[in-house]
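[1] This is the structure alone, sequence omitted:
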Ligand SMILES: Cc1cc2nc3c(=O)[nH]c(=O)nc-3n(C[C@H](O)[C@H](O)[C@H](O)COP(=O)(O)OP(=O)(O)OC[C@H]3O[C@@H](n4cnc5c(N)ncnc54)[C@H](O)[C@@H]3O)c2cc1C
């Protein structure tokens, strides 16, 4: 069944789409549209008019050309794991699903690059590199299912971000389809290139609002020879934060510095049974990678710094299996929390590292004041916190308190010099906070870019800001 959007004769438009795109890959049955009505973000959902399963650049180009002519909104989608509503359909839109556009095209060992299509999963990219002794560092918690197209569109981060950076640091170039249907290549295999404006930076993180990535050229690194994993247990969150500051000031840049608060670590323990100490107020997961001699030294120093900053216990993983088990504890945090309540709202604020302990204390007091359950975990090394509301969207009173508490978190984040999103993007979920976070003139510059590349506003309209 087709939904009329009131702006255009969608039924007629979809018929005309059938002339340029294979009809068997246009889904319009209600039962087929339901799975594309939401992403990983709680509460948001909207049924699209149709879903188009594209598998080539030429198809994407024809779809966008058609959409531009018929003024039909298009929402790109990888696997829909996004946590800001970026791939949630806008009213009357077609969803352009890219998860079947998923071939690894070229591994260039002389230039250490990998060329892939947008629907390849992050895990596949990691595995392809790993198999020949190379590393693709960005590792979002969703990497087993998220697509590289979604990662680039959201400039996703991950657990290794502190040492290795985020997705944009590994994107050397891409093929992009513009809203007009034109196809353009941006970037190349050159390590240095300052020819003209850096258009790469404009499109990476554009959340499906400026163009569609159809090929992505990634940079790989030599795989570090060894890794050591440590877990430190604390009675006070402040001590964990102090440990992080001391490690960085030493200076050591570990590849991972993650933390779980008491509520989160207990949920993880219920779920994954990895032997986390239930009575602790915080645990810090630390990993260092590199030459075996260097990491042995670093691990020893990190353990010592943890003890001198109040750790009750420091465990150093003795085997690869133990290392993996500890890392899994952190990777399963969201899934573990999501089991506890009908609705899980995962937030993504980031503050300067020096503000971390204060911010965590603020959120804990806030939870108490609003009578809410908020588990907190995140990337302590880069100040990125994930306060996670365990709630029930059917409880109107509680949802109201969640909204109030969330607004307070945003204000407090701004007061501490932070940002409303460290890695999940703005999408719909953070749209209303963008002007407060970056300033009105910044939003106006972004609007100008949107109007320049997409004058008919067909790509993901209404996301990030209104035009
Ligand atoms: C359990 C869990 C853990 C997570 N952990 C992390 C984490 O550690 N770090 C992190 O940063 N995020 C994390 N996320 C969020 C999410 O996985 C990432 O944002 C991811 O990059 C989304 O990929 P996707 O393929 O699911 O994209 P989607 O959700 O389908 O789309 C995301 C955005 O990208 C756009 N888009 C998708 N493909 C294209 C394309 N080819 N061209 C142009 N635009 C496109 C969409 O329109 C949308 O705006 C997590 C999510 C979950 C559920």
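    Done, it's in. Keep in mind it's a predicted model, so treat the numbers as computed, not measured.
[2] hang on, residue 383 packs against residue 349?
    No. Counting by CB atoms under 8 Å, residue 383 does not reach residue 349; the two are 9.0 Å apart. Quick note: C-beta positions are derived from backbone N, CA and C, even for glycine.
[3] More neighbours: which of the two?
    More neighbours surround residue 349 than the other of residue 383 and residue 349, with 27 against 24 (other CB atoms under 10 Å).
[4] Leaving out sequence neighbours, find the closest residue to that one.
    Spatial nearest neighbour of residue 349, excluding adjacent residues (CB to CB, 6 or more residues apart in numbering): residue 413 at 4.4 Å.
[5] Share the number of residues neighbouring that neighbour, please.
    By the criterion of other CB under 10 Å, residue 413 has 25 neighbours.
[6] Repeat that for residue 221.
    When neighbours are counted by other CB under 10 Å, residue 221 registers 13.
[7] How about residue 158?
    Based on other CB under 10 Å, the number of other residues close to residue 158 is 23.
[8] Now do the same contact list for it.
    Counting by CB atoms under 8 Å, 6 or more residues apart in numbering, residue 158 touches 137-141, 143, 166, 423.
[9] at 10 Å instead, please
    Neighbour list for residue 158: 122, 137-143, 151, 164-167, 256, 331, 379, 423 [criterion: CB atoms under 10 Å, 6 or more residues apart in numbering].
[10] now do residue 344
    Going by CB under 10 Å, 6+ apart, residue 344 touches 40, 42, 334-335, 337-338, 375, 388-391.
[11] And these, which is closest to residue 199?
    The shortest approach to residue 199 among the contacts of residue 344 belongs to residue 40, at 28.8 Å (CB to CB).
[12] right, and the closest one touches residue 142 too?
    Yes. With contact defined as CB atoms under 10 Å, residue 40 reaches residue 142; the gap is 7.6 Å.
[13] Which residues are in contact with each of the two?
    79, 81-83, 334.
[14] Now go through the residues you listed and say which are in helices.
    Using DSSP state H, the subset of the shared contacts of residue 40 and residue 142 located in helices is residue 334.
[15] And the shared contacts of residue 40 and residue 142, which two are furthest apart?
    79 and 334 (15.4 Å).
[16] which regions of the protein sit below the pLDDT cut-off?
    Counting by pLDDT under 70, the chain shows low-confidence ranges at 1-9.
[17] By residue count, what's the longest helix in it?
    Criterion DSSP H: the longest helix present in the chain is helix 396-415.
[18] which of the residues in it are buried?
    Neighbour-count burial for helix 396-415, counted by 16 or more other CB atoms under 10 Å, picks out 398-399, 401-402, 405-406, 409-410, 412-414.
[19] can you narrow the residues you listed to ones near the ligand?
    Among the buried residues of helix 396-415, proximity to the ligand is found for none (CB under 6 Å from any ligand atom).
[20] contacts for stretch 192-200?
    152, 168, 171-174, 176, 184, 186-188, 204, 211.
[21] For the ligand, tell me which of those show up nearby.
    Applying CB under 6 Å from any ligand atom, the subset of the contacts of stretch 192-200 adjacent to the ligand is empty.
[22] Closest to residue 116 out of the buried residues of helix 396-415?
    residue 413 (34.5 Å).
[23] What distance do you get for that closest one to the ligand?
    17 Å (CB to the nearest ligand atom, to the nearest Å).
[24] how far away is that residue from residue 279?
    With distances taken as CB to CB, to the nearest Å, residue 413 is found 30 Å from residue 279.
[25] Ok, residue 270 next?
    Residue 270 sits 14 Å away from residue 279, going by CB to CB.
[26] And residue 45, by the same measure?
    Going from residue 45 to residue 279 by CB to CB gives 39 Å.
[27] Same question for residue 127.
    According to CB to CB, residue 127 stands 38 Å off from residue 279.
[28] likewise residue 225?
    Separation of residue 225 from residue 279 (CB to CB) stands at 37 Å.
[29] try residue 98
    Applying CB to CB, the value for residue 98 to residue 279 is 46 Å.
[30] the more surrounded of those two?
    For residue 98 versus residue 279, neighbours defined as other CB under 10 Å are more numerous around residue 98 (29 against 10).
[31] where does that one fall, phi/psi-wise?
    phi -110, psi 10 (degrees, to the nearest 10).
[32] next one: residue 62
    Torsion angles, degrees, to the nearest 10, at residue 62: phi -70, psi -40.
[33] ok, the closest residue to it other than its chain neighbours - how many residues close by?
    Excluding the flanking residues, the one nearest residue 62 by CB to CB, 6+ apart is residue 20, at 4.4 Å. Look at residue 20: counted by other CB under 10 Å, it has 14 neighbours.
[34] Hmm, residue 54 and residue 20 touching each other?
    No. Counting by CB under 10 Å, residue 20 does not reach residue 54; the two are 11.5 Å apart.
[35] Common neighbours of these two, please.
    Common neighbours of residue 20 and residue 54 (CB under 10 Å, 6+ apart) are 61-63.
[36] any idea which of these is the one closest to residue 110?
    Closest approach to residue 110 among the shared contacts of residue 20 and residue 54 (CB to CB): residue 61, at 30.8 Å.
[37] quick one: residue 24 from residue 192, how far?
    46 Å.
[38] So if I had to pick from those two, which one is more boxed in?
    residue 24 (7 against 4).
[39] and the residue of the stretch 351-467 of the chain nearest the ligand?
    Taking CB to the nearest ligand atom, the ligand has its nearest neighbour within the stretch 351-467 of the chain at residue 423, 3.3 Å off.
[40] who's in contact with that residue?
    Contact analysis of residue 423 by CB under 10 Å, 6+ apart lists 83-84, 138, 140-141, 151, 154-158, 161, 166-167, 205, 348, 350, 378-379, 382, 384, 386.
[41] Next: residue 292.
    Here residue 292 is in contact with 224-228 (criterion: CB under 10 Å, 6+ apart).
[42] Return the member of those nearest to residue 34.
    residue 227 (41.8 Å).
[43] Dihedrals phi and psi, that closest one?
    In terms of degrees, to the nearest 10, the main-chain angles of residue 227 are phi -150, psi 150.
[44] which ones are touching it?
    Residue 227 touches 255-256, 287-290, 292, 295, 299, 317, 320, 323, 327, counting by CB under 10 Å, 6+ apart.
[45] can you name the two of these that are farthest apart?
    292 and 327 (18.7 Å).
[46] What's opposite the residue lying closest to residue 106 once chain neighbours are set aside in the beta bridge?
    Spatial nearest neighbour of residue 106, excluding adjacent residues (CB to CB, 6+ apart): residue 115 at 4.2 Å. As for beta bridges, residue 115 partners with residue 106, residue 217 under DSSP bridges.
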